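Engineer: I'll drop the sequence and a predicted model, then ask my questions.
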Amino acid sequence: MVMNRLKAGRDPQARHITAICRAPFLFCCGNRRDPRHAALRAIPPGDAAFAICQRMAQRAASGLLPDATSGATLWHDAAHLPNWALGQASITEIGGLRFYCAENISAPPPRAALSVLVLAEAS
């Protein structure tokens, strides 16, 4: 997804992989309120799992990995549905995350529609 955002080039702030990864609230590493943020910051030097992640990131940056997200530029945790995702069709779901292509996202539903959705889920 990071490489797709870089290729899309729509955000002038996202001209580099690092800027995309550190964008506020996009990933837990850039969101201090995310419960996973502290764990990410506490990875010990030489951690084997982190080394694998670094190698995979290098391969993605080099264009050596296939795009498992089918061009996605947006995502959210499948356990939570943000307003922007209401009524939108996801491209794929991987590991409890739903992926979307920003070009396919329409305007969010009006507030009245949100109330009806919440009431319907509560019933």
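Structural biologist: Happy to help now that I have it.
Engineer: any idea how far stretch 39-49 is from the chain center?
Structural biologist: 21 Å (CA atoms, centre = their mean, to the nearest Å).
Engineer: residues in contact with it: which ones?
Structural biologist: Contact with stretch 39-49 is made by 28, 29, 50, as judged by CB atoms under 8 Å, 6 or more residues apart in numbering. C-betas here are computed from N, CA, C, even on glycine.
Engineer: phi, psi for residue 99 please.
Structural biologist: In terms of degrees, to the nearest 10, the main-chain angles of residue 99 are phi -120, psi 140.
Engineer: begin at 6 from here
Structural biologist: Right, with 6 as the first residue, what we last looked at is residue 104.
Engineer: quick revisit: tabulate the contacts of stretch 44-54 (CSV), appending pLDDT.
Structural biologist: Formatted as CSV, those follow (pLDDT from 0 to 100):
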residue, pLDDT
33, 72
34, 71
55, 92
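Engineer: show me which of the residues you listed is closest to residue 77.
Structural biologist: residue 33 (17.5 Å; CB to CB).
Engineer: ok, the nearest residue to residue 32 once chain neighbours are set aside - how many residues close by?
Structural biologist: Residue nearest to residue 32 in three dimensions, not counting chain neighbours: residue 26, with 6.2 Å by CB to CB, 6 or more residues apart in numbering. Residue 26 has 15 neighbouring residues, counting by other CB atoms under 10 Å.
Engineer: and residue 81, what element?
Structural biologist: strand 79-82 (DSSP states H and E).
Engineer: convert the C-alpha atoms of that strand to PDB, please.
Structural biologist: The C-alpha atoms that make up strand 79-82 are tabulated as PDB, following Å, rounded to 0.1, in the frame of the first residue of the first chain:
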ATOM      1  CA  LEU A  79      -6.300   3.200   1.900                       C
ATOM      2  CA  TRP A  80      -6.900   0.700   4.600                       C
ATOM      3  CA  HIS A  81      -8.600   0.200   8.000                       C
ATOM      4  CA  ASP A  82      -8.800  -2.500  10.700                       C
END
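Engineer: where does the spatially closest residue to residue 18 that is not a sequence neighbour fall, helix, sheet strand or coil?
Structural biologist: Leaving aside its sequence neighbours, residue 18 sits nearest to residue 24 (CB to CB, 6+ apart; 5.9 Å). Following DSSP: H, G, I helix; E, B strand; the rest coil, the label given to residue 24 is helix.
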